[in-house]
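Enquirer: model this:
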Amino acid sequence: MKRRKFIAGSLSTISSFMIVPRYVLGGRGFLAPSDTLNIAGIGVGGQGGYDLREMEHENIVALCDVDWDRAAQTFSRYPKAAKYKDFRVMLEKQQDIDAVVVATPDHVHAVASMLAIKMNKHVYCEKPLTYSVYEARELAKAAREAGVVTQMGIQGHASESIRLLCEWIWDGAIGDVYEVHAWTPHPVWPQGIDRPVETPPVPETLEWELWLGPAPYRPYHPCYLPATWRGWWDFGTGGLGDMGCHIFDHIVWSLKLGAPTSIEASHSTFVPEGLSWDKLKNTETYPRASMVTYHFPEREEFPPLKLTWYDGGLMPARPEGLEEDRVMGDQFGGAIYMGTKGSILCGSHGANGARIIPEVKMQEYQKPAKTIPRSIGHRQEWIDACKNGKPSEANFDYSGPMTETVLLGNIALRAGKKLYWDSENMKIINASEANDYLHRQYRRGWFL
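Expert: Just a heads-up that it's a prediction; the model follows:
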């Protein structure tokens, strides 16, 4: 048996013990090689580089990016790490990798994470977990079966504020929560535009074919990257996919949400220059602004919930009792929880700045005991879990279903009608054509 196959087979059965504790191999002060994770980064020019800086007390052994110019700063920070342009080559060639950090554009998240999982690597993947609903379902399943440690990059999940919000709501601070309004000012990149007709040359430092990955082929244009890919249907997931996972996180956790039963959406119909009125339904980019309404069924001690999402500058009405001089949310968005006994206003990441309104009610509220274990840090949670085999807090079993919910909103935008969702069978039951958006065919040479 080849060494690689032997190692892969062995790791699949003992993945929870892959990182051997120091005390097993030596006495006090003995630093075994396995005490330190060997981490590889896939997509390290932007957020991925920041993620690695938070993990550099471990061993950064490999770096992969399709644009070495954009990744140059991260490369120089870890000069001993091997450099690659194709993550498939990296994972096949470099056998010392224990775990990977995936921070590519959205459309590559699933294929990169899935390959790592199949090779028994632990995975930290930035939000949204995947580009499609099908990918989210399959990725969570694969991670569970492989027994690897996973975490989605929703840093607010480790915050104190999200724990306080959960404890207050579970304590009945505002009674039964029946409605939530959530929003973000994003997109802060161009949307509502058509595909460019110019075909400028590809920069020498960029591997355009690798950047496209599983997405349909199109000629290079600088309007797609960096970061602006978020607004294009083929690559990103729009304002909802960008910020939805952060803001939905505290809603899902505090209200113990499962899958929605229905989703409907409306959006702006601005006609960009060069786009005719008969093409109001832009198939290239997300709309400049949208509203999405989800309905969730009754859950345990919670009543049915209506959740409305706003982006592109749209906002809910100011809640009753909110002081005139108080700002709603923060620079990235926020949420309003409406209950039978009052309301809570909070910010975006991890329910930042959550307060019962009006403030006088917040001051009168007798806060409950802190019952949720506090976090050691979002990325450190994942690192420790890789070493001790325990599940991390935002693992794919949690973040996968939440990503599905977020992405269903984008399907409703495309469908233009109210959709009824059968989560168990992963099927839209009243619009068969909308099921085509649950996944897409990959470009030749790419697979999940």
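Enquirer: List the residues that contact Glu209.
Expert: Glu209 makes no contacts at all, as judged by Cβ atoms under 8 Å, 6 or more residues apart in numbering. C-beta here means a position set from N, CA and C on the backbone, and glycine is covered the same way.
Enquirer: Look up the pLDDT of it for me, please.
Expert: At Glu209, the pLDDT value in this model is 98.
Enquirer: just Leu280 next, same as before
Expert: Per-residue confidence (pLDDT) for Leu280: 54.
Enquirer: What of Thr283?
Expert: 84.
Enquirer: and it, what does it touch?
Expert: Contacts of Thr283 by Cβ under 8 Å, 6+ apart are Trp233.
Enquirer: where does the chain dip in pLDDT?
Expert: Low-confidence segments of the chain (pLDDT under 70): 1-34, 270-281.
Enquirer: Domain ranges for it, per the record?
Expert: 3-155+381-392, 157-373+405-438 (automatic domain parsing).
Enquirer: Need these in JSON lines (columns: distance to Tyr398).
Expert: As requested, the domains of the chain are exported to JSON lines (distance: least, Cβ to Cβ, whole Å):
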{"stretch": "domain 3-155+381-392", "distance to Tyr398": "8"}
{"stretch": "domain 157-373+405-438", "distance to Tyr398": "8"}
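Enquirer: To Leu448, which of the ones you listed lies closest?
Expert: Leu448 sits nearest to domain 3-155+381-392 of all the domains of the chain, at 5.3 Å, using Cβ to Cβ.
Enquirer: how near is Pro226 to Lys85?
Expert: Plainly put, Pro226 is 16 Å away from Lys85 if you go by Cβ to Cβ, to the nearest Å.
Enquirer: Strands of the stretch 301-448 of the chain, residue ranges please.
Expert: Ranges of strands in the stretch 301-448 of the chain, per DSSP state E, counting those that start in this stretch, are 305-311, 334-339, 342-346, 355-357, 419-422, 427-428.
Enquirer: out of those strands, nearest to Pro196?
Expert: strand 305-311 (23.8 Å).
Enquirer: buried residues in that closest one?
Expert: Leu305, Leu307, Thr308, Trp309, Tyr310, Asp311 (16 or more other Cβ atoms under 10 Å).
Enquirer: Paired strands for that strand, with orientation please.
Expert: Strand pairing for strand 305-311, using DSSP bridges, gives strand 177-183 (parallel), strand 290-296 (antiparallel).
Enquirer: got a list of what the residue lying closest to Ala415 once chain neighbours are set aside touches?
Expert: Leaving aside its sequence neighbours, Ala415 sits nearest to Ala434 (Cβ to Cβ, 6 or more residues apart in numbering; 4.2 Å). Contacts for Ala434 (Cβ under 8 Å, 6+ apart) come out as Ile411, Arg414, Ala415, Lys417, Leu419, Ile428.
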